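Participant: what follows is a predicted protein model with its sequence.
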Amino acid sequence: MTATATAFGVRPAGSRQLAGTATLLRFALRRDRLMIPVWVGVNALMILSMPNTLENLYDSPADRAKLLQDTAGNASFRALIGPVFDDSIGALTAWRVGVYAGALAAVVSLLLVIRHTRDEEESGRHELVASGMVGRRASLTAALLTAAVANAVLALLVTAGLAGQGVSGALAFGLGLAGVGMVFATLAAIVAQFTESARLARGLTAGLLGAAFVLRAAGDSASDDGSSALTWVSPLGWLENLRSFADERWWVLLLFAGAALLQGVVAYGLAGRRDVGMSFLPTRPGPALGRLGTAGALAWRLQRGSVLGWSIGFFLAGVVYGGLTDGVADLVGDNDNAREIFERMGGQAGLTDAFLASMVGMLGLIAALYVVGSVLRLHGEETSMRAEPILAGAVSRLRWACGHLVIAFAGAGLIMLLAGLGFAVGYGKEVGPILGACLVQLPAVWVVGGLAVLLYGVLPRAATGAWGVAGAVLLIGWVGPALDVPQVVLDLSPFGHLPKLPGGGMEWGPVLVLPALAAGLAAAGLAGLRRRDMTT
């Protein structure tokens, strides 16, 4: 395009394609002003709390050298966490939280991209925005830039917070986490082109993340130095092979950059070859198989894929954690500080019971994320105006809402039951006590779900704040015991009131009070839903 054409107000084609990107980016950041700070903050705090914890656990070079030796010989722990490459506090931090921090960065990134691309198209808002002076690829660009902002903030926080352990290692670790996030952000941008459903796009991308974790775990169990081909196939394996704080391999960052760039180019190419609202794999037209005669049946049809995915994941997690139980005593050895951490998380019992209780508690915390997502499906159905045709008929608001809430609360019970069965398969002992320990987590999970119902019913615009509640509960339960925070802080979480099973004594008071509290919160939320206007 010549300068003369530009002078007459005709923009180059590339410029027109991105028109309005800055405005859409500001809008996206405004919409995510709660989600991004909460989840980036949770991830950063999880990482930055670890050096102090490790210094207390392994306060001498001999202890750290023994940990290095024990981990190298334990294939199960390598599969769960990855290999460790150096005995410095920085290297141990990258080893202990790297895989999970990278996975969390990937989850946040894929959710952001799909929220601002496929979600917008599915709801019809994108078509309204695109009718103005907005370029064809502006929405996708703004979504990727939103993910880039979140990952850049995470990288800055991690680099600044770990700089005391070594500036180059902190920078490498921060950039590696951001790299994992951007790889899955651009992957989500591709997946969003192939399906008309945002829910399916999230599920498929999350499935690819799960595959990346499994490939890395399989590779690390086979090799103690991260050299397995399976490890190198996974972006999570790239993060550990960056070897932060252990003679960094800076060239590994090129893998992240290359993958993100290539996937971004593919996503842009696909986005320009389809109509708005359509996809390369269109939804199969009806009629649907089976009966959808009730609100509950419709809720099950909409959420059954999510329930299945969480159920499989929790069962497999139980198998893995159960299989690690026999080896935990060898790994902890005579380290009193490590034993104390497990006992703070799992109760004052034998080390095996304390480990089982702490792992069951961690799965309970993660189950709170499931129940929040399932409850907020109501908010998604309402804001996308799919609820309006249903409520225009003979279906009341309470029947419609309760159909989804049954899936949310009963689904939480199902996944915790399957987690217990997984523990029983992996550990092979104490089936009854482990199942009981998993089910005891449900009252606290339901309280978090009840808070989500309350926010949705009374303050629908603040409904996504339920993710902040879940993030705070996860942070308190995960980081609090390691930092030995005061009991008053731990008691802010409903999980802090539960008995530590197996191994501890059963306390019926919290187990009975917490479900009543959850029911009261849910009832208040449903009452608010009956009285307020539906979102328009």
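Facilitator: Arrived safely. Numbers count the residues shown, from 1 in each chain.

Participant: tell me the mean pLDDT for the helix or strand containing Val265?
Facilitator: For Val265, the host element (DSSP states H and E) is helix 253-271. Summarised as a single mean, pLDDT over helix 253-271 is 93.

Participant: how distant is whichever helix or strand comes after it from the center of its chain?
Facilitator: Downstream of helix 253-271, the next assigned helix or strand under DSSP H and E is helix 295-332. Distance of helix 295-332 from its chain centroid, counting by C-alpha atoms, centre = their mean, to the nearest Å, is 14 Å.

Participant: so in the protein, where's the weakest helix or strand by average pLDDT?
Facilitator: helix 3-7 (a mean of 39; mean pLDDT, DSSP states H and E).

Participant: for the helix holding Val265, the distance to its chain's centre please.
Facilitator: 23 Å.

Participant: what does stretch 168-176 give?
Facilitator: For stretch 168-176, the distance to the chain centre is 22 Å (C-alpha atoms, centre = their mean).

Participant: touching it from outside, list them.
Facilitator: Here stretch 168-176 makes contact (C-beta atoms under 8 Å, 6 or more residues apart in numbering) with 90-91, 93-94, 98, 102, 154-163, 238-239, 242-246, 248, 250, 252-253, 256. In short, each C-beta sits where N, CA and C put it, glycine included.

Participant: keep only those of these that are in helices.
Facilitator: 90-91, 93-94, 98, 102, 154-162, 238-239, 253, 256 (DSSP state H).

Participant: and the residues you listed, which are buried?
Facilitator: 90-91, 93-94, 98, 102, 154-155, 157-159, 161-162, 238-239, 253, 256 (16 or more other C-beta atoms under 10 Å).

Participant: and the strand or helix carrying Asn52, what's buried?
Facilitator: Following DSSP H and E, one finds Asn52 within helix 50-57. Under the neighbour-count criterion of 16+ other C-beta under 10 Å, helix 50-57 has Met50, Pro51, Thr53, Leu54, Leu57 buried.

Participant: mind putting the residues you listed into JSON lines with distance to Thr294 and pLDDT?
Facilitator: Output for the buried residues of helix 50-57, formatted as JSON lines (distance: C-beta to C-beta, whole Å; pLDDT from 0 to 100):
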{"residue": "Met50", "distance to Thr294": "48", "pLDDT": "86"}
{"residue": "Pro51", "distance to Thr294": "54", "pLDDT": "88"}
{"residue": "Thr53", "distance to Thr294": "50", "pLDDT": "79"}
{"residue": "Leu54", "distance to Thr294": "53", "pLDDT": "80"}
{"residue": "Leu57", "distance to Thr294": "53", "pLDDT": "72"}
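
Participant: pick the one among those residues closest to Gly264.
Facilitator: Nearest to Gly264 among those: Met50, at 31.7 Å, using C-beta to C-beta.

Participant: setting the sequence-adjacent residues aside, check what's closest to that closest one.
Facilitator: Thr93 (4.6 Å; C-beta to C-beta, 6 or more residues apart in numbering).

Participant: quick one: contacts for that neighbour?
Facilitator: Taking C-beta under 8 Å, 6+ apart, one finds Ile47, Met50, Pro51, Leu54, Leu162, Gln165, Phe173, Phe245 in contact with Thr93.

Participant: could you measure from the second one over to Arg96?
Facilitator: Between Met50 and Arg96 the computed distance is 6 Å (C-beta to C-beta, to the nearest Å).

Participant: do the same with Gly219
Facilitator: Where Arg96 is concerned, Gly219 sits at a distance of 19 Å (C-beta to C-beta).

Participant: who's more crowded, those two?
Facilitator: Per other C-beta atoms under 10 Å, whichever of Gly219 and Arg96 has more neighbours is Gly219, with 25 against 20.

Participant: helix or strand: which one has the more buried one?
Facilitator: helix 198-222.

Participant: check which helices and strands that helix sits against.
Facilitator: helix 75-81, helix 89-116, helix 118-123, helix 167-191, helix 229-233, helix 235-241, helix 295-332 (3 or more C-beta pairs under 8 Å, 6 or more residues apart in numbering; DSSP states H and E).

Participant: for this protein, give me the ranges with low pLDDT.
Facilitator: Along the chain, segments meeting pLDDT under 70 span 1-15, 73, 76, 275-292, 326-351, 481-485, 536.

Participant: re the thing from before, buried residues of the helix holding Gly219, list them for me.
Facilitator: So for helix 198-222, counting by 16+ other C-beta under 10 Å, buried means 198-206, 208-209, 212-213, 215-221.

Participant: could you do stretch 167-174 as well?
Facilitator: Gly169, Ala170, Leu171, Ala172, Phe173, Gly174.

Participant: same check on stretch 525-536?
Facilitator: Neighbour-count burial for stretch 525-536 [16+ other C-beta under 10 Å]: Gly525, Leu526, Gly528, Leu529.

Participant: next: stretch 514-525.
Facilitator: Leu514, Pro515, Leu517, Ala518, Leu521, Ala522, Gly525.

Participant: please apply the same query to stretch 29-41.
Facilitator: Asp32, Met35, Ile36, Val38, Trp39, Val40, Gly41.

Participant: got it, and stretch 259-277?
Facilitator: For stretch 259-277, by 16+ other C-beta under 10 Å, it's Ala259, Ala260, Gln263, Gly264, Ala267, Tyr268, Leu270, Ala271.

Participant: from the contacts of Thr93, which two are the most distant?
Facilitator: Leu54 and Phe173 (14.3 Å).

Participant: neighbours of Thr21, how many?
Facilitator: 18.

Participant: Gly477 is in contact with Leu363, isn't it?
Facilitator: No: look at Gly477 against Leu363 with C-beta atoms under 8 Å: they stay out of range, at 10.8 Å.

Participant: nearest residue to Ser374 other than its sequence neighbours?
Facilitator: Ala408 (3.6 Å).

Participant: to clarify, my last question referred to Gly135.
Facilitator: In space, Gly135 is closest to Ala19, 4.0 Å off (C-beta to C-beta, 6+ apart).

Participant: over to Leu112?
Facilitator: Ala147 (4.8 Å).

Participant: how about the contacts made by that neighbour?
Facilitator: Ala147 sits in contact with Val108, Ser109, Leu112, Val113, Gly181, Met182, Ala185, where contact means C-beta under 8 Å, 6+ apart.

Participant: of the residues you listed, keep whichever come out buried.
Facilitator: Buried among the contacts of Ala147 (16+ other C-beta under 10 Å): Val108, Ser109, Leu112, Val113, Gly181, Met182, Ala185.

Participant: picking that back up, make CSV out of the buried residues of stretch 514-525 and add distance to Gly309.
Facilitator: Putting these into CSV (distance: C-beta to C-beta, whole Å) gives the following:
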residue, distance to Gly309
Leu514, 26
Pro515, 26
Leu517, 29
Ala518, 24
Leu521, 26
Ala522, 24
Gly525, 26
